[in-house]
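A.B. asks: Any chance you could fold what I've pasted below:
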Amino acid sequence: MTAGCDVVVALDVGGTGMKCALVRPDGTVHHAERHPTLAQRGPEAVTATILDVAAGLAGRARSDGLHPVAAGVAVPGVVDEESGTAVWSSNVGFRDVPLRDLVAHRLGLPAVLGHDVRVGGLAEARLGAGRDQRHVLFIAIGTGIAAAHVVDGRAFAGAHGAAGEVGHIIVRPGGPLCGCGARGCLESIASAAAVGRRYVGLSGEEGVTAYDVAKRAVAGEELANRVWTEAVEAFADGLLTAQALYDAGIVVLGGGLAEAGEALLAPLRTALAARTTFHRMPRIVRAALGDAAGSLGAALLALDSLENPT
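C.D. replies: Numbering: from 1, shown residues only. As a prediction, the model looks like this:
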């Protein structure tokens, strides 16, 4: 079996769905599939599904004449990458699940466990919008807000696996209550969930998403413009703090809110520039890989572990 037949089993597990793939060492996807997470079944059932899907992918690789060499799994929440433990996740319900070892045992392959946003940042830095930059800050804006700091193709997890929680920079002291228990966190004002919630609260119109707000703001609706501007201004305040800490060359925005494109990027660039003094302005761009970033990043993490075994 030649190296050209090698593939990595990669899973990106979210609260709603799992994005799964067989990925070649050059980052190309041989096969992709999706499965519902069905997190309401509980963490044991979700873990069983992860193992079944991973085993199915490995079997698919072999039936296609390929050689699975490793597995990478990305999950949300607090992840201890060194021990391969899903420490805590509000979306999936994980509590100290030794997911890396469970996958390795089921597949008989080396396995790694990563944080969903960090592996997404890894993929964008190496294969996507940040591939020409050494210092990349990837920020995912969805239900929450989290970041990955990637330098020379390596994402940093921090001492406790919690690096990049820019969504919990307090930008409006005493402001809206955040899910973390603090008030005025960036996530409580500028996440996609917060933008939709703010508009619904002011308008009384149910079912309006952040993307809807962005479109209505561009179309000139006064209330939508007010809510959108509040979110962009708060995001600029948070990003200014992040830039002071990370000094990124490029900021790559992913997640649901980034789907607004220039409706977000253009005013955000303007707002950040107005706040910048001695800091260098980073390029601010939209992510290039879409929702494939997580599975691609999980594959990259697994390939890295083969090259640099601990």
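A.B. asks: tell me the contacts of A155?
C.D. replies: Neighbour list for A155: R118, V119, G121, L122, A125, A148, H149 [criterion: Cβ atoms under 8 Å, 6 or more residues apart in numbering]. All C-beta spots, glycine's among them, are computed from the backbone N, C-alpha and C.
A.B. asks: ok, now how distant is L57 from G120?
C.D. replies: Separation of L57 from G120 (Cβ to Cβ, to the nearest Å) stands at 19 Å.
A.B. asks: Neighbour count: the two, which is higher?
C.D. replies: G120 (33 against 25; other Cβ atoms under 10 Å).
A.B. asks: looking only at pLDDT, what's the mean for the helix or strand containing that one?
C.D. replies: Taking DSSP states H and E as the criterion, G120 maps to helix 116-126. Mean pLDDT, helix 116-126: 97.
A.B. asks: Next secondary structure after it?
C.D. replies: Where DSSP H and E defines the elements, the next helix or strand beyond helix 116-126 is strand 135-141.
A.B. asks: for that next one, the distance to its chain's centre please.
C.D. replies: 9 Å (Cα atoms, centre = their mean, to the nearest Å).
A.B. asks: which residues touch the closest residue to G120 other than its chain neighbours?
C.D. replies: Nearest residue to G120, sequence neighbours excluded (Cβ to Cβ, 6 or more residues apart in numbering): A293, at 4.0 Å. A293 is in contact with V119, G120, A123, E124, G128, G254, A287, counting by Cβ under 8 Å, 6+ apart.
A.B. asks: Tell me if A293 really is in a helix.
C.D. replies: Yes - judged by DSSP: H, G, I helix; E, B strand; the rest coil, A293 forms part of a helix.
A.B. asks: Okay, V195 and V227: tell me how far apart.
C.D. replies: V195 is 6 Å from V227, by Cβ to Cβ.
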